[in-house]
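Q: coords please:
(2 chains)
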Amino acid sequence: MMDSKQKYILHLADNALILGQRIAEWCGHGPVLEQDIALTNMSLDLIGQSRLYYQYLADLGGNGKTEDDFAFMRKEHEYLNCLLVEQPNGDFGKTIVRQFFYDVFHFLQLELLSRGNDEQLTAIALKSLKEVKYHLNYSSKWVVRLGDGTEESNARAQKAVNTLWKYTGELFEWTEYEKEAIAAGIFPEPDKLENEWANKVHQVLDEAHLQVPELPYMQTGGKNGRHTEHMGYILTELQYMQRAYPGLEW
Amino acid sequence: MKLYEVFIRSKAGLHHKHAGSLHASDPQMAIQNARDVYCRRNEGVSIWVVESEHITASNPEDQEALFDPAEDKIYRHPTFYDVPDGVKHL
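A: Predicted structure coming up:
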């Protein structure tokens, strides 16, 4: 059994791994070469971050599990990533809006983590912050370009905002393991995080002439292992090599 | 999308050097694209981008008139001169 701190680290790792895997699907399919490379760069940043968390978990575990076991050999309900990061890429606009919603959160989350009292997580957060600052810069500028671009790009970006908005509530719905991380000072005082997220998101969406939809509910569950129907397909592709050739290294 | 030329400074003190070109819709995107396309392996500490159409280039047909006259002016190279024995610290 994992304790709450291990679950919290697993959650951080899974967010990075699944979003990294999602963006990697663009590799070779980007709308233009420059964006293909940009998206793949971000994917590699995120997969690199997930490795740091999984390695830390492997060090803490003491039961011989490696980072690969964590990344590749678990079942769907054992992944603790939020629902937002597992949503399909859709068109470039949807990928960008998903990235933007997550980047704003990710940046603020890492800022708090970097001030926490777990030395290893603080170090990972400080390293990741540099990468995520760029991700946020990239995605927020693209949201404005698409929203404030042509009629079609605006319509597509708006559709993405409408589709993805219901997965943003979960980011701030603290699970038991997050509450314990907050109480322990690992993830210190996120009281203002939701407001700061909303302010930044509204500011950029306003500039992009995009509207926030009014929704009566939010979809949650991923952080406790209850995923959308897309998760199984992601894992099928992600885990294929390790499942087909157990212990494969390269 | 416009074409941009990218110049990268590899480290402080060195000059920016032409790295290549790319497409972008605005200068900010050009900087981001340049970072992603040309600075993946620690190539740079500074990036300049300029729209390709803003570069005025010499005409290849003028090549002879522009460059050939320098060919026989060997005295413009420092190696043309003998250094007198008495000169130190050169």
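Q: Quick one: distance of the lowest-mean-pLDDT helix or strand in chain A to the chain centre.
A: When each helix and strand of chain A is scored by mean pLDDT, DSSP states H and E, helix A:67-72 comes last, with a mean of 94. Centroid displacement of helix A:67-72 relative to its chain, using Cα atoms, centre = their mean, to the nearest Å, is 17 Å.
Q: repeat for stretch B:61-68
A: Per Cα atoms, centre = their mean, the centroid offset for stretch B:61-68 relative to its chain is 20 Å.
Q: Stretch B:52-70 now?
A: 15 Å.
Q: Quick one: residues in contact with that stretch.
A: If you take Cβ atoms under 8 Å, 6 or more residues apart in numbering or on different chains as the criterion, stretch B:52-70 is touched by B:K2, B:L3, B:Y4, B:E5, B:S21, B:R76. From N, CA and C alone the C-beta is placed, and that goes for glycine too.
Q: Any regions of the chain where pLDDT drops low?
A: This is for chain A. Scanning chain A for pLDDT under 70 picks out the ranges A:62.
Q: Chain B now?
A: Chain B contains no residues with pLDDT under 70.
Q: The residue most central in space within it sits in which helix or strand?
A: Nearest to the geometric centre of chain B sits B:K17, at 4.4 Å (Cα atoms, centre = their mean). In the assignment (DSSP states H and E), B:K17 maps to strand B:16-24.
Q: Same question for A:G149.
A: Under DSSP H and E, no helix or strand contains A:G149.
Q: For PyMOL, write the selection for the buried entries among the contacts of stretch B:52-70.
A: Buried residues among these (16 or more other Cβ atoms under 10 Å in any protein chain shown), as a PyMOL selection:
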select buried, chain B and resi 4+5
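Q: Would you reformat the contacts of stretch B:52-70 as TSV and include secondary structure?
A: Converted to TSV, those look like this (DSSP: H, G, I helix; E, B strand; the rest coil):
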residue	secondary structure
B:K2	strand
B:L3	strand
B:Y4	strand
B:E5	strand
B:S21	strand
B:R76	helix
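Q: Sort out which residues of the biggest helix by length in chain B are buried, please.
A: Taking DSSP state H as the criterion, chain B has its longest helix at helix B:27-38. Within helix B:27-38, the residues that qualify as buried are B:M29, B:A30, B:I31, B:Q32, B:N33, B:A34, B:R35, B:D36, B:V37, B:Y38, counting by 16+ other Cβ under 10 Å.
Q: That concludes my questions; thank you for your assistance.
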